[in-house]
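Enquirer: curious how this folds, go ahead:
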Amino acid sequence: MTYPYGSPQPGPGPYQQHTQPGYIPQQYPPPPGPGYGYAPPPPPPPKKSSAPLVLTIVGVVLLLVFGGCAVLVSNLGNAKRTGTAASQGSAGVVGELVQDGDLAFTVLKTERKDRVGSYRFGEEAQGVFLLVHVRVANVGDQSESFFGSRQKLIDAGGREYAASTKAAIYLRDSNSLYEKINPGNSVEGVIVFDIPTSATPTIIELHNSGLSQGAKVKLP
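Expert: Now for the predicted structure:
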């Protein structure tokens with residue numbers, strides 16, 4: 001068979017097109033990237049450091065520890081600054097000045113009552129009320145607080161009694177619930193103890209703070 005224009009040139013067949021210049025073979029699956037239908041997975045988020053939280057907790061703990069130590073040192077300082085009667089272990093007597101910390105105490109007198117306050121507004125003793133009249137002076141260089149609740153009464157049998165702040169409320173001039181005393185000033189007040197009628201009170205232990213050694217005074 002003859003062809004007017006010569007033999008036909010073979011066209012690109014299904015296998016010949018792989019050899020055409022510029023042909024890039026297709027890859028399966030297509031590499032990730034723009035234009036291929038999906039993007040590469042995002043990088044994992046950075047891990048949060050726990051260092052700031054740990055430092056905050058440590059700081060709070062240290063603050064509480066040093067704060068508590070400061071209060072303890074202050075109270076121990078008051079406990080060491082005791083007067084002659086307390087530091088030598090002896091006890092003063094009524095009318096004699098004794099000192100605990102920066103507070104100086106003078107017991108003026110004692111009395112007993114079955115009831116304090118008025119008929120309508122008052123308190124009946126479980127046993128009998130022992131009223132201890134005291135003068136409290138600040139001999140330091142800064143204000144001090146006097147609390148009747150810090151004081152103790154001791155009887156002949158060695159039993160200790162706490163002051164009755166509930167009964168002291170009904171005394172007009174008790175001045176023993178809470179008194180702030182500036183340097184050089186003094187107040188007179190009454191400390192009330194509810195004791196058995198059979199008890200024989202022998203010692204009152206007067207304190208500047210709840211942790212102080214206290215100054216003792218013999219009671220008549």
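
Enquirer: show me where the chain has strands.
Expert: 97-100, 103-117, 122-138, 144-146, 152-155, 160-162, 179-181, 186-195, 201-206, 215-218 (DSSP state E).

Enquirer: out of these, the one nearest A91 is which?
Expert: Closest to A91 of those is strand 215-218 (CB to CB; 3.9 Å). All C-beta spots, glycine's among them, are computed from the backbone N, C-alpha and C.

Enquirer: can I get that closest one as PDB, trimmed to CA atoms?
Expert: The C-alpha coordinates for strand 215-218 follow below in PDB (Å, rounded to 0.1, in the frame of the first residue of the first chain):
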ATOM      1  CA  ALA A 215       4.000  36.700 136.700                       C
ATOM      2  CA  LYS A 216       2.500  35.100 139.800                       C
ATOM      3  CA  VAL A 217       0.800  36.900 142.700                       C
ATOM      4  CA  LYS A 218      -0.300  35.200 145.900                       C
END
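
Enquirer: dump the strands of the chain to JSON lines, plus distance to R172, mean pLDDT and mean neighbour count.
Expert: As requested, the strands of the chain are exported to JSON lines (distance: least, CB to CB, whole Å; pLDDT from 0 to 100; neighbours: other CB atoms under 10 Å):
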{"stretch": "strand 97-100", "distance to R172": "26", "mean pLDDT": "97", "mean neighbour count": "22"}
{"stretch": "strand 103-117", "distance to R172": "9", "mean pLDDT": "97", "mean neighbour count": "17"}
{"stretch": "strand 122-138", "distance to R172": "12", "mean pLDDT": "97", "mean neighbour count": "19"}
{"stretch": "strand 144-146", "distance to R172": "17", "mean pLDDT": "97", "mean neighbour count": "20"}
{"stretch": "strand 152-155", "distance to R172": "22", "mean pLDDT": "98", "mean neighbour count": "19"}
{"stretch": "strand 160-162", "distance to R172": "22", "mean pLDDT": "98", "mean neighbour count": "14"}
{"stretch": "strand 179-181", "distance to R172": "14", "mean pLDDT": "96", "mean neighbour count": "16"}
{"stretch": "strand 186-195", "distance to R172": "10", "mean pLDDT": "97", "mean neighbour count": "21"}
{"stretch": "strand 201-206", "distance to R172": "22", "mean pLDDT": "98", "mean neighbour count": "22"}
{"stretch": "strand 215-218", "distance to R172": "24", "mean pLDDT": "98", "mean neighbour count": "22"}
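
Enquirer: how about those in CSV, adding distance to P44?
Expert: Shown next, in CSV, are the strands of the chain (distance: least, CB to CB, whole Å):
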stretch, distance to P44
strand 97-100, 67
strand 103-117, 67
strand 122-138, 68
strand 144-146, 60
strand 152-155, 67
strand 160-162, 65
strand 179-181, 63
strand 186-195, 71
strand 201-206, 69
strand 215-218, 71
